[in-house]
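**Q** Generate a structure from the sequence data that follows.
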Amino acid sequence: MSAKKTYTIESSSTKIKGGRFKSSSPSGAAKKAASKLFRKAAKKNKSVKKITFCMRETTSGSDKNHFEYTATRVKL
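**A** Below you'll find the model as predicted:
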């Protein structure tokens, strides 16, 4: 199992940023971040179907790489 890295939300289309997400891959952290963004948007009574956000790796000793994602909410 690879070591877990930490990521934070730099910016998003919902103007929400921050948080700390741990995962071994950037995509795993992005899934967790997307869930949090949709939850926070729902609390503000925003009906959001699609969120675009940028994440930055914050692991000590890393290159602080940026990753951009677009998340879509699918109700089951």
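**Q** When you work out contacts or count neighbours from here on, use the C-alpha atoms and nothing else.
**A** Will do.
**Q** tell me which element the residue nearest the centre of the chain is part of?
**A** In the chain, the centroid-proximal residue (CA atoms, centre = their mean) is residue 33; its distance is 3.0 Å. According to DSSP states H and E, residue 33 maps onto helix 26-43.
**Q** Name the residues of that helix that come out as buried.
**A** In terms of neighbour count (16 or more other CA atoms under 10 Å), helix 26-43 has its buried residues at 26, 29, 30, 33, 34, 37, 38, 41.
**Q** can you redo those residues as JSON lines with pLDDT and distance to residue 50?
**A** As requested, the buried residues of helix 26-43 are exported to JSON lines (pLDDT from 0 to 100; distance: CA to CA, whole Å):
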{"residue": "26", "pLDDT": "93", "distance to residue 50": "19"}
{"residue": "29", "pLDDT": "96", "distance to residue 50": "17"}
{"residue": "30", "pLDDT": "96", "distance to residue 50": "14"}
{"residue": "33", "pLDDT": "95", "distance to residue 50": "13"}
{"residue": "34", "pLDDT": "94", "distance to residue 50": "10"}
{"residue": "37", "pLDDT": "93", "distance to residue 50": "10"}
{"residue": "38", "pLDDT": "92", "distance to residue 50": "9"}
{"residue": "41", "pLDDT": "88", "distance to residue 50": "11"}
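**Q** quick one: which of those residues is nearest to residue 7?
**A** residue 29 (6.8 Å; CA to CA).
**Q** if I look at the residue nearest to residue 63 when sequence neighbours are not counted, how far off is residue 12?
**A** In space, and not counting its chain neighbours, residue 63 is closest to residue 57: 7.7 Å by CA to CA, 6 or more residues apart in numbering. Going from residue 57 to residue 12 by CA to CA, to the nearest Å gives 15 Å.
**Q** centre of the chain versus the helix or strand where residue 8 lies, how much separation?
**A** Per DSSP H and E: residue 8 is located in strand 5-12. Taking CA atoms, centre = their mean, to the nearest Å, one finds strand 5-12 lying 6 Å from the centre of the chain it belongs to.
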